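Enquirer: sequence unknown, structure follows:
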C-alpha cells in the first residue's frame, strides 16, 4: 500500500474530511423538513439560499462564481490560462420533501475536491494541463419545472434554451422569472459548449459526478463505491385521459365516461407491464391530476405523467408498444380517450470505458472496495457523457431509499466518495482522461 | 278538463311563465362559463352575486330576506301571523364547471311559485292556514366545502353547526369566513327546527322541492314530471392510501410502496363492484389527490373520496363489506396501508306517501304526464323529509346529463315544473299536507 499511496495526488486527510461533514450539516439546513429531509425545489427560496451559501463558500476560496443563461452555477479556478476545464458537480435542488443527499452531496463533494486540488496545485505548480470548475446544475429534479435535468439539458444542447426559460410551474411562474427574482440568471454563457452557445467562452475537457446510488446494490453487497458503466434508457411522457363530467350518484354506470377510472386502469396496466418484464423494466406514474376533482362529480379529465425505464432500448420500445395497445383497450372498455401530450426520452448509453478504468484504479489505490452499477435514474452526467469523457460514481444509499426524507448515506461512505472524487479529478486535471 | 281546472288555485299563465324563463336566463349569467355552464361554488363571488340578485328579487315582491347561522337564505311571506311555514326551494351553488339547472332551477321555481301564491292570496284572503317561505340552502354541492347538503344538514340537526362553520376549503378558508366575507351569515336562526336551534323562531309545516332529474328515466319515457317516492342510500367516505416516497427510476419494483398504484387498484375495484351488482349499485371516486405528485417520485400518499349508492340499504352494507375485504387484499399486494378517514352516510328512505299522492293529483289536474322516479342523488329534501312532510318533484334532464356544462332541461319542461310546484304549494298552504 505504501508504494501505491505514493501515486496519490490528494492524500486522504482527516481534517479535510471533518470539514466536509461539517459543511454538509450546514447545507442540509437549507429547506430542512421536520422529518430531516429537505424541501428545496428549483429556484425556490430554500434553493436560492443554498446557492448563495455555496457561492460564498467558493468565493471565499478564490473561485469565480458565475451563472449561465439557464441558471447553471459555476465556480471557476484557473490553473492554466485558456486551457479547457475539468468540470465536476451535481445539483442542489430537491424533490418536494426529498432527501438531503440526492444531488447536494455531489455538489459539495465536487466543491471540496476542487478546493483540495486548488491547494495541491499551489504546492505543485506546473502539473496541471486543465483548469477546474465546480457546477451546480439548475433543476435536475424536474418537480417544479418539467422536464428533469433541465440545466444540463440546455448546456448540452438537448433542450432548447428559450423553451426552458419559458417553462412554467403550477402557479404560472416561468423559469426565467423564478431565476431572475433571485438574480441567478446570467446574460451570457460561461462555457462555449453545444450548438446553443454562440458567445465565446471556456471549453470543457471532461466531467465527473458523484451521487448517492438511489438503489440498494452497493448497500446489499457492502461495497464502498460504485462506478457507473452505463445508464438505463427512459421514456417519459404525459397523457390526458378524456371522459365526460357527470353526477356520481345519478348517472348510470353504463352511461359513464369516467376519466379517473380510465386513468386508474392505466396505472394498474403500467405495474402489470413491469411485473411482466421482471427487474429489466421500471414503470411508474408519480403525477396525476383530476379535473374537476370534486367528490360527487365523475371526472372529465385526468392528466398523468408516465415513466418507463429499462437497461435495454429494445425492451423499452417493445414495452411502449404494448402499453399503446393497452391504451386502445382501455379507451374502448372505459369509454374514454387517451391523448399523448409531452415526451422526454433518453436512450441507454455507456460512459467512456477509459473513465471507468481511471476511477477503478483510484478506488483500488485508495484501498476501497468497488463494483459496477448501472444507473436507472437519470443524472446530469447522463447528458454530459454524450459531450465529453465523463466519470460517474456512486456511494451507497441505506436500503436504497431515495426521493424521500429518510434517504441516508453514512458518514464514512460520504468521506470515501469525496476522497475518490478528489483523486479522480486530480488525474483528470493532469490530462489522464 | 274544465271541471277539473276549476279546482286549480294557480291557473297556468303565459305571462308568468315567460317571466320565469326571463329570470332564469338572467340567473344563468352569474358565474357563466364559456361552454354555457356555471361555476358558482358555495360562497364564492359568483354564488354571492346570484344570492344578492335573488334577495333583491324577493324584497321587491315584499318577501323578508334573512340568513340563518349557516348561511341558508330565506324569503318569508306571512299570510297567517304566527302560523307554521310551507318551505320550498333548493340550492343556488354549483359544482365546478357545473350545469345551470342543478339546484338553481328549484330555487327560482320556488320563488316564482311563492310569488304566484302571494298574489293569489291577495285576491283570496282567508284561505291560507300556513305562511310561505322560499329557501336557498347553503352548500348543497359539497365541492368547495365537504360534505354536501351542508346547509340543510345543519338545519335538520344532522350536521353539527360548529363543525360546519369550521369546515375549510382547499385554501384553508372556513365556511364562517367565506359567508362572513359576503355578509351572508346570520347571528340567529330563522326557524326553530331541530335540536341545534335554541332561539325562538318560526316553525315549518312542510317542504317542497323541484329539481332536474339528473338521470334519463323521464327523458327516455317522454314523461313531463317525476314524483319521488324514495331515495337511494349513500355511503360516502374518504380514504388515505399510505405508501412510501421513493424514486421512479431507481427503486426496484419489488421495493415500492406506491400509494398511487394502491389508489388505482381501489378505483378499479370500485367499478368492478358496481359491475357485479348491475344497476342496483353506483360506485364512484370523483376526488383523488396525490402526494407529493411529482413526475419522478413514487407517491407516498393518496387521499380519495369514495361514493357508493344503492336503492337497497342491505345491498349497500354488503357492498361496503366486500370493498373492505378488497382493501385488505390491496394492502397486501400493493404493500400500502388504507386508512378510512371521514364518513357521511344516509340510508334510503321514503318520502311521505301523502305528499306523493298530493303531487300526483296536481299533475293529473294540470293535464301533464307523470311517473315515479327514485332519486339516486342526494337532495336537500333528503334531509327535510325526515323532519316534515316533503314533496320532491323532478323535471326531465336531456340525456340524463348533470354536473356538467351541457346539462339541459327544455323550456316547456321548466314551465310545467313551475306550474306543478305552484299548485302543489298552494294546496300545502291551505293545509292539504
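Expert: On my side now, so go ahead. Treat the numbers as computed from the prediction; the structure is a model and nothing was measured.

Enquirer: if I look at residue A:117, how far off is chain B?
Expert: Separation of residue A:117 from chain B (CB to the nearest CB, to the nearest Å) stands at 30 Å. Heads up, the C-betas are built off the backbone N, CA and C, glycines and all.

Enquirer: do residue A:375 as well
Expert: Distance from residue A:375 to chain B, counting by CB to the nearest CB: 8 Å.

Enquirer: ditto for residue A:21
Expert: According to CB to the nearest CB, residue A:21 and chain B sit 24 Å apart.

Enquirer: And residue A:84, by the same measure?
Expert: Separation of residue A:84 from chain B (CB to the nearest CB) stands at 31 Å.

Enquirer: Apart from its chain neighbours, what residue comes closest to that residue?
Expert: Of all residues not flanking residue A:84 in the chain, residue A:205 sits nearest, at 3.8 Å (CB to CB, 6 or more residues apart in numbering or on different chains).

Enquirer: center of chain A - which residue?
Expert: Centroid-nearest residue in chain A, with CA atoms, centre = their mean: residue A:379, separated by 3.6 Å.

Enquirer: Pull the contacting residues for it.
Expert: Going by CB atoms under 8 Å, 6 or more residues apart in numbering or on different chains, residue A:379 touches A:90, A:140, A:149, A:209, A:211, A:231, A:392.

Enquirer: for the fifth one, helix, strand, or coil?
Expert: Per DSSP: H, G, I helix; E, B strand; the rest coil, the secondary structure class of residue A:211 is strand.

Enquirer: thinking again about what came up before, quick one, what contacts the residue nearest to residue A:84?
Expert: Contacts here follow CB under 8 Å, 6+ apart; on that basis residue A:205 touches A:83-86, A:130, A:388-389, A:428, A:433.

Enquirer: how much space is there between it and chain B?
Expert: 29 Å.

Enquirer: just checking, that residue is part of a helix?
Expert: No. Applying three-state DSSP, one finds residue A:205 to be strand, outside a helix.

Enquirer: any weak-confidence spans in the stretch 1-150 of chain A?
Expert: In the predicted model, the stretch 1-150 of chain A carries pLDDT under 70 at residues A:1-6.

Enquirer: which bits of it sit near chain B?
Expert: Residues of the stretch 1-150 of chain A found near chain B (CB under 8 Å from any CB of the partner chain) are A:95-97, A:141-143, A:146-148.

Enquirer: And the buried ones among those residues, selectable in ChimeraX?
Expert: Selection of buried members from the residues of the stretch 1-150 of chain A next to chain B for ChimeraX, criterion 16 or more other CB atoms under 10 Å in any protein chain shown:
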select /A:95,96,97,141,142,143,146,147,148
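
Enquirer: Which two of the residues of the stretch 1-150 of chain A next to chain B have the greatest separation?
Expert: Longest distance between any two of these is 20.3 Å, between A:97 and A:147; criterion CB to CB.

Enquirer: circling back: just send the residues of the stretch 1-150 of chain A next to chain B back as TSV, with secondary structure too.
Expert: Listed next are the residues of the stretch 1-150 of chain A next to chain B as TSV, based on three-state DSSP:
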residue	secondary structure
A:95	coil
A:96	coil
A:97	coil
A:141	coil
A:142	coil
A:143	coil
A:146	coil
A:147	coil
A:148	coil
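
Enquirer: Go through the residues of the stretch 1-150 of chain A next to chain B and name the one nearest residue B:59.
Expert: Residue B:59 lies nearest to residue A:96 out of the residues of the stretch 1-150 of chain A next to chain B, by CB to CB, at 50.4 Å.

Enquirer: The closest one and residue B:290 touch, don't they?
Expert: No. Checked against CB atoms under 8 Å, the pair residue A:96 and residue B:290 is beyond contact range at 11.3 Å.

Enquirer: tally of neighbours for the nearest residue in space to residue A:349 that is not next to it in sequence?
Expert: Excluding its sequence neighbours, the residue lying closest to residue A:349 (CB to CB, 6+ apart) is residue A:231, at 5.9 Å. Neighbours of residue A:231 under the rule other CB atoms under 10 Å in any protein chain shown: 25.

Enquirer: Test my guess that residue A:231 contacts residue A:373.
Expert: No. Residue A:231 lies out of contact with residue A:373 (CB under 8 Å); the separation is 10.9 Å.

Enquirer: so where do the strands sit in chain A?
Expert: Here chain A has its strands, by DSSP state E, at A:64-67, A:73-77, A:85-90, A:131-136, A:204-212, A:225-227, A:233-242, A:246-247, A:281-291, A:297-298, A:301-310, A:337-346, A:370-372, A:390-395.

Enquirer: returning to that earlier point: got the residues of the stretch 1-150 of chain A next to chain B as JSON lines, with distance to residue B:366 columns?
Expert: Shown next, in JSON lines, are those (distance: CB to CB, whole Å):
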{"residue": "A:95", "distance to residue B:366": "64"}
{"residue": "A:96", "distance to residue B:366": "60"}
{"residue": "A:97", "distance to residue B:366": "62"}
{"residue": "A:141", "distance to residue B:366": "66"}
{"residue": "A:142", "distance to residue B:366": "64"}
{"residue": "A:143", "distance to residue B:366": "61"}
{"residue": "A:146", "distance to residue B:366": "60"}
{"residue": "A:147", "distance to residue B:366": "64"}
{"residue": "A:148", "distance to residue B:366": "66"}
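
Enquirer: could you give me the average pLDDT of the longest helix belonging to chain A?
Expert: Scanning chain A for the helix with the most residues, using DSSP state H, yields helix A:313-334. Averaging pLDDT along helix A:313-334 yields 95.

Enquirer: the inter-axis angle of that helix versus strand A:233-242?
Expert: Orientation of helix A:313-334 against strand A:233-242 (axes from the mean of the first three to the mean of the last three CA atoms, to 10 degrees) gives an angle of 10 degrees.

Enquirer: Helix A:313-334: how far from the chain's middle?
Expert: 28 Å (CA atoms, centre = their mean, to the nearest Å).

Enquirer: ok, now stretch A:102-114?
Expert: The chain centre lies 13 Å from the centre of stretch A:102-114; the measure is CA atoms, centre = their mean.
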